[in-house]
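Colleague: Structure for this input, please:
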Amino acid sequence: MKAVQLLTVVLTASPITFGVVAVFLALGEEPQLEQHWAYAGPVGTVLGILLWLIVPGMVASAGRHRLRQLEGTPQEVEERRLGALYQLYLKRQLISLALLEAIALLNIMFFLLTTQPWLLALSSLPIAMMAASFPWRERVELWVQEQSHLLDMNR
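Modeller: Next comes the predicted model:
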């Protein structure tokens, strides 16, 4: 639990730190790219959010599929399944955070190259989404329960 919380904090802090550095680096600088390149930021944001909506769910679905293959006594299966579901949550959260971090960093990079301040505002969207996904114990336990219920339904 602590590992996924630490990863969430670190991965959320990364684009914030880069954004602050980018602001200071861009002060008084001439744009290095033409202004129309700034629109690559919103395009990347939309594509990245689409991936963020799809990929973590695919990871969870594939993980559940593998967990249906577990064999042993019901108690053994339940113990291994519970541990595996927590690991699956960690994997899903890490992929989700990495996708959101990439979106934020893309917008900050285009801000640095085009000096368009609205790109910094756009980079705050995935950062806020990362912060909102902080893995509180209750959230993780609820997710594990939901996944366990889905596994039970498909037996």
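
Colleague: quick one, helices of this protein?
Modeller: 2-26, 40-67, 74-114, 118-132, 137-153 (DSSP state H).

Colleague: neighbours around the nearest residue to residue 148 once chain neighbours are set aside, how many?
Modeller: Leaving aside its sequence neighbours, residue 148 sits nearest to residue 85 (Cβ to Cβ, 6 or more residues apart in numbering; 6.3 Å). From N, CA and C alone the C-beta is placed, and that goes for glycine too. By other Cβ atoms under 10 Å, 22 other residues sit near residue 85.

Colleague: ok, residue 85 touching residue 60?
Modeller: No: contact criterion Cβ atoms under 8 Å: residue 85 and residue 60 do not qualify, at 9.3 Å.

Colleague: How about the contacts made by residue 11?
Modeller: The contact partners of residue 11, by Cβ atoms under 8 Å, 6 or more residues apart in numbering, come to 97-98, 101, 130.

Colleague: if we go to 7 Å?
Modeller: Contact partners of residue 11, counting by Cβ atoms under 7 Å, 6 or more residues apart in numbering, are 97, 101, 130.
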